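Colleague: Any chance you can model this:
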Amino acid sequence: MKKQENPPQKGTKSAILLLYLLFQHSARQRKHSAWCRNHLPRRRKGKLVDNNSILTFHPDEIILREGEDSKDMFKILKGNAEVYLAHGTENETLLGLLGKGACFGEFGLLLHEKSPYTVIAYSDIIIYRVTEDKIDEFIRENHVNILQMMKSMASTMMLMQSHINQLSTELDEKNKVNKRIVGKNKEMLKRYIYNR
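Modeller: The predicted structure follows:
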């Protein structure tokens, strides 16, 4: 006599599919966790930073606007960003391209000043946001970045001073031209009055 096989119970396929999906999700989570362990700053006891600190942007998206009140600083974990002065105006100036490990937004975080530049994603970019309440921890765990941040601030200030000097020179030249014009107009007015 032939042994009779038990037909699959109702819901067995669904259970197998559910287990498969859970396994896939678990594998993705492990892969994501491994990436996070290798790329994100850590807290004490090995806990990863909260996900609210990780931001992503696509090419041409504005991350930080010139003149914007932002009390956050950012560290690039992956990708590149462009830094501009006077973005979107006829005086737009590309200051540079930032890559992995670079920090920006330090003026807002450290000095509570408006951003002196605009930062735009050049490629898909992942950044870590450092808020005022996390700055002590960031400094302890990223001391190498602090020197880079100080150099970046100094470079930005020198560039801004250069722009101020250039504008001052242009204003002086225009004032000299205006003084000459005013002087000529006074002379013409005197001649007109004396010739009457």
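
Colleague: what about residue 119, which SS state?
Modeller: When classified by DSSP: H, G, I helix; E, B strand; the rest coil, residue 119 comes out as strand.

Colleague: Let me see the contact set for it.
Modeller: The neighbourhood of residue 119, defined by Cβ atoms under 8 Å, 6 or more residues apart in numbering, consists of 62-64, 74, 81-84, 98, 104-105. Bear in mind the C-beta positions are built from the backbone N, C-alpha and C, glycine included.

Colleague: Give the buried subset of those residues as a ChimeraX selection command.
Modeller: What follows is the ChimeraX syntax for the buried subset of the contacts of residue 119, where burial is set by 16 or more other Cβ atoms under 10 Å:
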select :63,64,74,81,82,83,84,98,104,105
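
Colleague: Go through the contacts of residue 119 and say which is closest to residue 174.
Modeller: Residue 174 has its nearest neighbour among the contacts of residue 119 in residue 84, at 25.7 Å by Cβ to Cβ.

Colleague: which SSE is the closest one in?
Modeller: When secondary structure is defined by DSSP states H and E, residue 84 falls within strand 81-85.

Colleague: Using PDB, write down the CA coordinates of that strand.
Modeller: In PDB, the C-alpha atoms belonging to strand 81-85 read as follows (Å, rounded to 0.1, in the frame of the first residue of the first chain):
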ATOM      1  CA  ALA A  81      28.900  69.100  -1.700                       C
ATOM      2  CA  GLU A  82      29.600  72.500  -3.300                       C
ATOM      3  CA  VAL A  83      30.100  75.700  -1.300                       C
ATOM      4  CA  TYR A  84      29.000  79.000  -2.800                       C
ATOM      5  CA  LEU A  85      29.000  82.700  -1.800                       C
END
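
Colleague: Can you name every helix or strand that it contacts?
Modeller: Counting contacts by 3 or more Cβ pairs under 8 Å, 6 or more residues apart in numbering; DSSP states H and E, strand 81-85 is packed against strand 93-98, strand 118-121, helix 143-194.

Colleague: sec struct for residue 101, please.
Modeller: Using three-state DSSP as the criterion, the local structure at residue 101 reads coil.

Colleague: Now for it, how many residues are close by?
Modeller: 12 (other Cβ atoms under 10 Å).

Colleague: Many thanks, have a good one.
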